[in-house]
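Trainee: Let's see this in three dimensions:
(4 chains)
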4 protein chains.
Amino acid sequence: MSVKKNFYSDNVSGAAPEILEALVAANAGDTAPYGADSITEGLQARFAELFETEVDVYPVGTGTAANGLCASIVAAPYGAIYMSEAAHLHGSECGGPEFWSGGNARPIPVPTVDGKIVVAEMARMVDEAAARSATEVPPRAVSITQGTETSTVYSLSEVRGIAEAARARRLWVHMDGARLANAVARLGCTPAEATWKAGVDVLSFGATKNGALTAEAVVFFNRELAQTMRYRRRRGGHLFSKMRFLSVQLEAFIANDLWLRNARHANAMAQRVREGLAKIPGVRFRSPTEINFVLVSLPQPVWDGLVAEGYSFSRRGAPSEGIIRIACAFDTTEEAVDALVAAAHRHAGTRQGADRPAAVVR
Amino acid sequence: MSVKKNFYSDNVSGAAPEILEALVAANAGDTAPYGADSITEGLQARFAELFETEVDVYPVGTGTAANGLCASIVAAPYGAIYMSEAAHLHGSECGGPEFWSGGNARPIPVPTVDGKIVVAEMARMVDEAAARSATEVPPRAVSITQGTETSTVYSLSEVRGIAEAARARRLWVHMDGARLANAVARLGCTPAEATWKAGVDVLSFGATKNGALTAEAVVFFNRELAQTMRYRRRRGGHLFSKMRFLSVQLEAFIANDLWLRNARHANAMAQRVREGLAKIPGVRFRSPTEINFVLVSLPQPVWDGLVAEGYSFSRRGAPSEGIIRIACAFDTTEEAVDALVAAAHRHAGTRQGADRPAAVVR
Amino acid sequence: MSVKKNFYSDNVSGAAPEILEALVAANAGDTAPYGADSITEGLQARFAELFETEVDVYPVGTGTAANGLCASIVAAPYGAIYMSEAAHLHGSECGGPEFWSGGNARPIPVPTVDGKIVVAEMARMVDEAAARSATEVPPRAVSITQGTETSTVYSLSEVRGIAEAARARRLWVHMDGARLANAVARLGCTPAEATWKAGVDVLSFGATKNGALTAEAVVFFNRELAQTMRYRRRRGGHLFSKMRFLSVQLEAFIANDLWLRNARHANAMAQRVREGLAKIPGVRFRSPTEINFVLVSLPQPVWDGLVAEGYSFSRRGAPSEGIIRIACAFDTTEEAVDALVAAAHRHAGTRQGADRPAAVVR
Amino acid sequence: MSVKKNFYSDNVSGAAPEILEALVAANAGDTAPYGADSITEGLQARFAELFETEVDVYPVGTGTAANGLCASIVAAPYGAIYMSEAAHLHGSECGGPEFWSGGNARPIPVPTVDGKIVVAEMARMVDEAAARSATEVPPRAVSITQGTETSTVYSLSEVRGIAEAARARRLWVHMDGARLANAVARLGCTPAEATWKAGVDVLSFGATKNGALTAEAVVFFNRELAQTMRYRRRRGGHLFSKMRFLSVQLEAFIANDLWLRNARHANAMAQRVREGLAKIPGVRFRSPTEINFVLVSLPQPVWDGLVAEGYSFSRRGAPSEGIIRIACAFDTTEEAVDALVAAAHRHAGTRQGADRPAAVVR
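Mentor: Modelled structure (predicted):
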């Protein structure tokens, strides 16, 4: 394989070798279908250990399914979920909350700073909506993305602050943890501290962006919320008949800290990208880089040159803003990052190692 | 691996070696996410070749998703879908049609004989409902399971008859082909003859029961029906970011007739089971065995004995009926079948090879 | 006005004079919109008095809305409602339960005798469904129509029996009381005995069929179930801005026992129809006549003659069964009934008053 | 009746005498239920005449129902509807579009000036969403409120501009005409010019705010869109069994230009309020007054004084903005307006008739 030029998403990578091997090994022998197999049943214990508390774990195929199922449950029987406008649940799932709830959930965007919900704004909006009882959808939950869509991470006290404001208003707290591994790696805390100890009721636990093939999980800390989950997952087409092929990915993902090792590496690579680009004049970072990707505006010649060389990135925001996301994954190598940075410098006409810092624009 | 004793479902098997190998091979290298990769894009051409016509193919993770998506589309904007009471779509998907359509689809059971819809009954019901315009959900589609839930197969002229009755009433025709491979193998026809040439608009194309890990596809012969599919699949959580891992399973499944070879074998094994059990007094077959499983009532000592030995089967119908399903798969060996039959004879106290035929009861 | 020949439904009548007068009187003066007016607020007390317990009352425009709102609430967050196949909620509301719940409720028909749910059958079905946890919609509620769609009335002990079976299985009990007035008049019990004392959680309280213009109410005995009602009614378009025009109908309806007086009269008229027709040879009654309509098959010449004279009735069941419903209302006069009966005798060629009894066929 | 002090909404008024009389007259005689009566059937011709084209007219009970039904139809089978953030459909119907569509419609707010959609912004948003095909809900329709929630009126060329932009993007055009009468009265155009001639496909035709008791209508100019309407209205509980009581209100409403006479009067009264308050220092009008209400911020002593006297108004926007709506109706008298204005001057300590103009703030 040549050096990676595809920084479009952490999803462009294949599976981590440990996970693929576990999958192949799981193929031998007959087994019980629909998750009655021993691997799937064992996940309960593995996740309980990981999170240091009893949990209910439901593997599903995609993050959209995990989020949608959570949305349908925390909004039930009918209500609004407050979240960042950038939340995957809001803008990237084609109306997922409405779909999974049968029109009984409405996502409501809340102002953010650096991709993080401003708790006072959220509280004000919830209070106003709750007061207009016959016209507004009743507030029911808040959804936090950890790490965020802008490469930042909520501190533990920020999560607690949102959860407390939510609790005071009788709202459930959902965490979209598509990149929870990257956030935990960044925070240096335990998975328990990052989630239920900070007030999270239910978690979309991501694996696909960080080394799995096609596996995510919904983890209920508040186990009463899990009551209808088995039905909902089934009708939503995420009770896989050969469920062990999903479960074994999750098992390998959390075994021996693979998930955190992968995340630490991806985070470090994004940091390396940022540092490498920082000295190019005209490069503007659009948010802090706390997890595994960099949001940045590049000078036109740099962009043009990289694209001409075959590099790919995703755009963020309105086209006029010119923001791109440079995403690193568990398998992004130092060589690949260094080649990218060198190419950027080359197209910028700068000598790498020079010391003019880039502006940070938010 | 010891001899298979798990005849619970065709889903208890792992993946066919050809498919697992293809999956592993697909892991190398970066690629475009969300199905923009070359494997997924190539599926269009592969399926067009297979079905001898232009089609739109959408891989999804489960048969429930395939069926649900089809139901939401053929019932849109709002209407009823006529199907067998035994249809997976009706009774095994936890209210799937209602879910996928947001309450805009209602499944309506139609009388069947040998698991096959009685076309005259369906026509009468549709006509009556259409006449009561302000109170009944308007008829919109029919869904045929091919092969059926009772191990039978619609003849091509039976499919055409239903499709013509549907067309005359402006209903779409969906085929649930979770076991289409087994039906095509049985009929000895082409995939085209089995589907669009017989009047099918859209197909749930099954692979998981016949050798894939977790891959099914929706195949649109009527491509106008596909218009909203990309959105619906996305919001339903079946647009996998690493879609190539599903697509490559489907690619390997249809390459070199693997799907038909697997199906022929499974069908033959079911036939071997039936023949082997036929001479045990008290064994009552509950439907013809035309595909890969046998519906049968066993004498109590036979049942008890097999279960005690570790055999497993699934029950069908009400518990009082005592019907079990003995399911064979692509990897069920002759040895495993013969061991099962021998054990049954042993528990029945009969000598295998004796010539008293079992009763056929419908 | 000439003598009534329209026995199609109890809905063909206009409003009772007492109700129309109250409506006109309510027109004077400004008032608070959206049910904050004094008439609407007063309804709480009036209904509490009527039912001898605290209740939450929500006026709505139609019985379909009342039933649909109740269905969405008792099935929430997601589940099945068991009911008679003839239930309005099942077959006459165009998929109402699915609609009002956003696909989260499935109506499941239960065997009946004389239009009344067979409790043992219901219990068996619920138990079986509850046992198949990953494939069946979970049982959540039962809905009883009182009086039934076949002119019968559940005895108080029958209602209690169903409610107890439901309670034992953690199901809510809904009563569709579109003709509750007729049932209470027949039973001679109090409204409390007919409902919450027998185990009913929530009631669709009918008025339109019995003298109102366009007013029904949802009455919650289990007031916790009312929690989301104000939102659901609003979004469903049944929070009328000039709500007092609905409330005043309900107020007048229950004042001075008008509802029961109207119902007693309608019941008596149906009895008079039945007695009048009973002696015509070939007349077959299809169910007991316990409330305000008669289900009957008429000899062809009688049917033809009545239709030719301008009489109208509604058909019930499949056309081949030849069953008609002769519906009486609060304003059906003895003269109108006698004219109908006389005409039937005339077309039958019988002399009224002869003594051959008609067959009762169920 | 004393002088009106309730300016909370145009909904606080009762019914216009002409409409109430028509309702009472409609009570006599039996009739066909469910809209098969002659009054309802006659509405088709009356509305065709009014709009100078063939239309399909469906009476419903509330504006929320009219809007919701329209939303479910124009978004079908699945899609987004662009509208003002202030649109009733967006913020005042408790998630109506999601409800009526079963989660298949998403309302998307568009920037406005003076309550009117900025067509260029809408076009840009639609184009961007359409380009992101796998993640965004597909654009399907635009909804215009005419007259707007801020008392303004789209000019005919403004409506045409939006409709043309919509047509170019294959979007349907819905008009929420809860106050269409007031807009037509203001524009001095024909109803045809205001609607289908400007590109409107389907209209929520309001009557309740302008003299009816509880009647609105959905009017389809694009009659193909009406295909599923009868089913949808039925399941939504707006097919009233005694439909004639709604239809007769609509009939009387449009007879002899009653609707326009009422609207002209209400508009004139709002103008009179505005002119009367204009000279009070500190009074700030928050939008032009083109129809029947005034959005205004009052000096605190004026507000306090009026409330103390028993006047009532509704608040608009966030509480901190201090905006109130003074709503006039068909039955608001000059005396009532003059009394209100005089009281405001009294509390402001100004002499009425003085000539300092108020500031206009937008």
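Trainee: burial measure for whichever residue of chain A sits closest to chain C, as a count.
Mentor: Ranking the residues of chain A by distance to chain C (Cβ to the nearest Cβ) places A:Gly102 first, at 2.5 Å. Placement of C-beta: from N, CA and C, glycine included. By other Cβ atoms under 10 Å in any protein chain shown, 31 other residues sit near A:Gly102.
Trainee: Can you pull the phi/psi pair for it?
Mentor: phi 70, psi 40 (degrees, to the nearest 10).
Trainee: I figured it hits C:Arg106, correct?
Mentor: No. With contact defined as Cβ atoms under 8 Å, A:Gly102 does not count as touching C:Arg106 (11.9 Å).
Trainee: What about A:Arg351, how many residues nearby?
Mentor: By other Cβ under 10 Å, neighbour count at A:Arg351 equals 9.
Trainee: correct me, but it touches A:Pro281?
Mentor: No. If you go by Cβ under 8 Å, A:Arg351 and A:Pro281 don't touch, sitting 11.6 Å apart.
Trainee: Residue numbers of the stretch 101-250 of chain A in contact with chain B?
Mentor: A:102-103, A:208-209, A:213-214, A:231-232, A:234-242, A:245-246 (Cβ under 8 Å from any Cβ of the partner chain).
Trainee: from the residues you listed, which are also near chain D?
Mentor: A:Gly102, A:Gly103.
Trainee: For stretch A:330-342, buried residues please.
Mentor: Neighbour counts over stretch A:330-342 (16 or more other Cβ atoms under 10 Å in any protein chain shown) mark A:Phe330, A:Asp331, A:Thr332, A:Ala336, A:Val337, A:Ala339, A:Leu340, A:Val341 as buried.
Trainee: May I have the secondary structure class of A:Gly305?
Mentor: helix (DSSP: H, G, I helix; E, B strand; the rest coil).
Trainee: burial of the residue nearest to it when sequence neighbours are not counted, as a residue count?
Mentor: Spatial nearest neighbour of A:Gly305, chain neighbours left out: A:His347 (3.0 Å); criterion: Cβ to Cβ, 6 or more residues apart in numbering or on different chains. The number of residues packed near A:His347 is 21, by other Cβ under 10 Å.
Trainee: repeat for A:Leu180
Mentor: 25.
Trainee: what about the nearest residue to A:Glu52 once chain neighbours are set aside, neighbour count?
Mentor: Sequence neighbours aside, A:Ala192 is the residue nearest to A:Glu52 in space, at 4.5 Å (criterion: Cβ to Cβ, 6+ apart). Using other Cβ under 10 Å, A:Ala192 has 14 other residues around it.
Trainee: ok, A:Ala192 - contacts?
Mentor: A:Phe51, A:Glu52, A:Thr53 (Cβ atoms under 8 Å, 6 or more residues apart in numbering or on different chains).
Trainee: Tell me the most packed of these, by neighbour count.
Mentor: Counting by other Cβ under 10 Å, top hit in the contacts of A:Ala192: A:Phe51 with 23 neighbours.
Trainee: how about the strands in the stretch 51-200 of chain A?
Mentor: Along the stretch 51-200 of chain A, the segments classed as strands by DSSP state E, counting those that start in this stretch run A:56-60, A:79-84, A:105-110, A:112-113, A:116-117, A:139-145, A:172-177.
Trainee: same thing with the stretch 251-362 of chain A?
Mentor: Using DSSP E, counting those that start in this stretch, strands in the stretch 251-362 of chain A cover A:284-285, A:293-297, A:314-316, A:323-327, A:359-360.
Trainee: Determine which of those strands shows the lowest mean per-residue pLDDT.
Mentor: Note on those: lowest mean pLDDT is at strand A:359-360, with a mean of 52.
Trainee: how close does the residue most central in space within chain A get to D:Val307?
Mentor: Nearest residue to the geometric centre of chain A (Cα atoms, centre = their mean): A:Ala178, 2.5 Å. From A:Ala178 over to D:Val307 the distance is 51 Å, taken as Cβ to Cβ, to the nearest Å.
Trainee: The residue nearest to A:Gly305 and A:Val302 touch, don't they?
Mentor: Yes. The criterion here is Cβ under 8 Å, and A:His347 meets it with A:Val302 at 4.6 Å.
Trainee: May I see the buried residues of the helix ranked longest in chain A?
Mentor: The longest helix of chain A (DSSP state H) is helix A:258-277. Under the neighbour-count criterion of 16+ other Cβ under 10 Å, helix A:258-277 has A:258-274, A:276-277 buried.
Trainee: among the residues of the stretch 101-250 of chain A next to chain B, which are in helices?
Mentor: A:Tyr231, A:Arg232, A:Arg234, A:Arg235, A:Phe245, A:Leu246.
Trainee: quick one: low-confidence parts of chain A?
Mentor: A:1-2, A:133-134, A:353-362 (pLDDT under 70).
Trainee: Following the record's annotation, map out the domains of it.
Mentor: What the record gives for chain A is the domain set A:17-256, A:258-351, from automatic domain parsing.
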